[in-house]
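In: predicted coordinates and the sequence they were generated for:
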Amino acid sequence: MLDPLAAWRDALSGLIRSARLDEALGQAAPGRLEWVITAAQVLGLAYPACLRPISFVPAQIRTVWCRPRPQQTPSRDGVSPPPGQRENRKPSYSPPTPATAVYRALARHVRRHLAPDGARWIARFIDSCDPFAISAWIGGSPRARQAFIDMLWGRAAEPGLEQRRWPDRPPLTRTAGQLAEPVQADCQVRGADHADAATRHWFACHAARVSLGALWRDAQARANAAAWSGVAAWADAAPSTSWRDSAWLARLMPGGFGFAASILADWTAAAHASKAMRQLANAARRQARRDTMWAASRGACLTWSEETGWEVVEAIEPADADVRRRHLLGLKDGSPWCWLYRAADGRFVARWNQAPLQVAAATPGAALAGLRRGARDYQRMGRVALPFPTSAGAVTPEPIATRAAADYQFFVAVVRHRQGFWQEARDLTEAARCYQRAHALPDVAGR
């Protein structure tokens with residue numbers, strides 16, 4: 001009667017797990033047995049019917065199966081570089097472990113696809129030093145949100161990352177490339193002493209993927225909280241994930257091995273249009289701009305050229321959709337807009353916006369210079385005022401800041417002056433929260 005129980009316990013003892021899960025099991029963490037039993041069932045170890053039924057955890061667990069080929073490629077840890085290559089190759093700042101390899105690959109993927117302009121946004125965060133402004137950017141721009149997530153995730157995965165990446169500088173040898181302790185614990189494989197080096201390398205890579213994915217989900221939650229609360233917080237670089245977020249189990253079988261973990265993070269980048277689709281969209285925009293210009297410019301027009309001088313003819317039609325809108329500089333009344341395009345006879349036409357005045361010349365520069373000279377003559381001789389845009393827009397006066405607001409702005413300015421974005425991040429966030437609680441800012445209270 002107890003034979004199935006004994007076989008099940010022997011099978012559980014042979015499962016491969018992480019050092020962090022081992023620590024949770026030893027400390028009697030809540031829910032540890034339920035998670036292990038559920039993951040073991042996913043790996044094919046059925047729960048004995050002779051035991052009392054338990055409430056399994058509702059979290060979904062995914063499994064990755066690997067069936068190695070007969071001639072398996074040896075592990076990268078055991079492959080030595082060709083002679084002479086080690087001396088000529090620039091040494092890496094990170095230790096050559098599976099965890100750091102996966103981390104660097106994911107960081108490269110984030111920089112290229114998930115947060116392609118993250119460096120510019122983070123530089124903007126540093127220049128601002130204002131938790132209110134940073135929160136507004138995160139809530140209003142998806143790219144700013146992705147950059148903030150990248151910043152939180154990188155600092156949680158690699159302590160001291162800001163010392164070498166923002167701004168980009170050579171890393172410190174004593175801290176470079178060292179991953180956080182929870183990530184290292186997740187990537188320490190326990191119970192795989194009887195497996196070969198290639199299998200242990202495979203387990204370590206998947207463990208790093210799970211652990212770094214948990215940090216990514218945690219960074220996403222922190223970014224959402226910053227956008228919702230109205231105050232950005234980036235002081236705490238330590239991850240707030242638990243053992244359950246990055247727990248995993250693996251099992252060796254005669255035909256291969258399986259790896260079970262909780263739902264992983266979504267590293268999929270937003271869908272980008274293909275080059276052909278981007279070209280079609282650009283052509284449609286150019287055609288719409290050309291049609292808009294021509295609809296407002298057709299008809300009789302005062303025209304000047306070197307060959308004929310001043311004359312009144314029909315407006316010169318663009319030869320294609322390459323119609324460009326430019327400022328006409330060098331006039332004392334302002335910088336009006338004009339259109340610049342090529343005519344069917346090969347000449348370039350500069351056309352005043354919202355006025356029947358155009359110049360045709362052999363080069364774009366000559367056309368703009370002729371339009372500038374013609375505008376002066378037109379206004380002086382014809383006594384006709386050309387439409388100029390207003391030099392300055394209407395200014396809305398801002399309300400006078402209160403003493404508390406002035407003190408907060410002064411504190412942010414002082415921190416910005418001494419470049420304390422990283423060192424004084426906790427003080428900045430606390431000052432913003434105190435000001436928010438004391439004054440109940442309208443933009444936060446209405447959320």
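Out: Right, received. Where do you want to start? Numbers count the residues shown, from 1 in each chain.

In: could you use CA atoms for every contact and neighbour count after this?
Out: OK.

In: low pLDDT regions in the stretch 151-300 of the chain?
Out: Scanning the stretch 151-300 of the chain for pLDDT under 70 picks out 171-177, 239.

In: all the helices of it, in order from the start?
Out: Along the stretch 151-300 of the chain, the segments classed as helices by DSSP state H, counting those that start in this stretch run 162-165, 181-186, 197-229, 275-297.

In: how about the shortest one as CSV, C-alpha atoms only?
Out: In CSV, the C-alpha atoms belonging to helix 162-165 read as follows (Å, rounded to 0.1, in the frame of the first residue of the first chain):
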residue,chain,number,x,y,z
GLU,A,162,24.5,52.9,-13.0
GLN,A,163,28.2,53.3,-12.4
ARG,A,164,29.1,52.1,-15.9
ARG,A,165,26.0,52.5,-18.0
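
In: which strand residues bridge Gln358?
Out: Note on Gln358: beta-bridge partners by DSSP bridges are Thr303, Arg351.

In: count of neighbours near it?
Out: For Gln358, the count of nearby residues is 28 (other Cα atoms under 10 Å).

In: these two touch, right, it and Leu371?
Out: Yes. With contacts counted by Cα atoms under 8 Å, Gln358 reaches Leu371, the gap being 6.6 Å.

In: anything in contact with each of these two?
Out: Taking Cα atoms under 8 Å, 6 or more residues apart in numbering as the contact rule, Gln358 and Leu371 both touch Ala350, Arg351, Trp352.

In: need the contact list for the first one.
Out: Listed by Cα under 8 Å, 6+ apart, the contact partners of Ala350 are Cys338, Trp339, Leu340, Tyr341, Gln358, Val359, Ala360, Pro364, Ala367, Leu368, Leu371.

In: okay, and which of these map to strands?
Out: Judged by DSSP state E, the contacts of Ala350 include Cys338, Trp339, Leu340, Tyr341, Gln358, Val359, Ala360 as members of strands.

In: show me where the protein has strands.
Out: Under the criterion DSSP E, the chain contains strands at 16-18, 61-66, 189-190, 248-253, 256-262, 300-305, 309-314, 324-327, 337-342, 348-352, 357-361.

In: these into JSON lines, with extra columns for distance to Asp218?
Out: Below are the strands of the chain laid out as JSON lines (distance: least, Cα to Cα, whole Å):
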{"stretch": "strand 16-18", "distance to Asp218": "20"}
{"stretch": "strand 61-66", "distance to Asp218": "18"}
{"stretch": "strand 189-190", "distance to Asp218": "23"}
{"stretch": "strand 248-253", "distance to Asp218": "18"}
{"stretch": "strand 256-262", "distance to Asp218": "14"}
{"stretch": "strand 300-305", "distance to Asp218": "64"}
{"stretch": "strand 309-314", "distance to Asp218": "65"}
{"stretch": "strand 324-327", "distance to Asp218": "46"}
{"stretch": "strand 337-342", "distance to Asp218": "49"}
{"stretch": "strand 348-352", "distance to Asp218": "55"}
{"stretch": "strand 357-361", "distance to Asp218": "60"}
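
In: and those: which comes nearest Cys50?
Out: Ranking the strands of the chain by proximity to Cys50 (Cα to Cα) places strand 248-253 first, at 23.2 Å.

In: strands paired with the closest one, and their directions?
Out: According to DSSP bridges, strand 248-253 forms sheet pairs with strand 16-18 (antiparallel), strand 256-262 (antiparallel).

In: buried deepest among the ones you listed, which one?
Out: Stretch with highest mean neighbour count among these: strand 16-18 (a mean of 23; mean count of other Cα atoms under 10 Å).

In: what are the contacting residues of it?
Out: Here strand 16-18 makes contact (Cα under 8 Å, 6+ apart) with 185-192, 207, 247-251.

In: sorry, back to before: wait, which of the strands of the chain is closest to Arg433?
Out: Proximity to Arg433 (Cα to Cα) singles out strand 256-262 among the strands of the chain, at 34.7 Å.

In: mind saving the C-alpha coords of that closest one as CSV?
Out: Provided in CSV are the C-alpha atoms of strand 256-262 (Å, rounded to 0.1, in the frame of the first residue of the first chain):
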residue,chain,number,x,y,z
GLY,A,256,15.7,13.7,-22.2
PHE,A,257,15.0,16.1,-19.5
GLY,A,258,12.3,18.6,-18.6
PHE,A,259,12.3,22.0,-16.9
ALA,A,260,9.2,23.4,-15.1
ALA,A,261,8.8,27.0,-13.9
SER,A,262,6.1,29.5,-13.4
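
In: what angle do it and helix 197-229 make?
Out: Between strand 256-262 and helix 197-229, the angle comes out at 10 degrees (axes from the mean of the first three to the mean of the last three Cα atoms, to 10 degrees).

In: how far does strand 256-262 sit from the chain's center?
Out: Centroid displacement of strand 256-262 relative to its chain, using Cα atoms, centre = their mean, to the nearest Å, is 30 Å.

In: same question for stretch 7-15.
Out: With Cα atoms, centre = their mean, you get 43 Å for stretch 7-15.

In: and for stretch 229-242?
Out: Relative to its chain's centre, stretch 229-242 lies at 17 Å (Cα atoms, centre = their mean).

In: repeat that for stretch 110-121.
Out: For stretch 110-121 - counting by Cα atoms, centre = their mean - the centre lies 4 Å from the chain centre.
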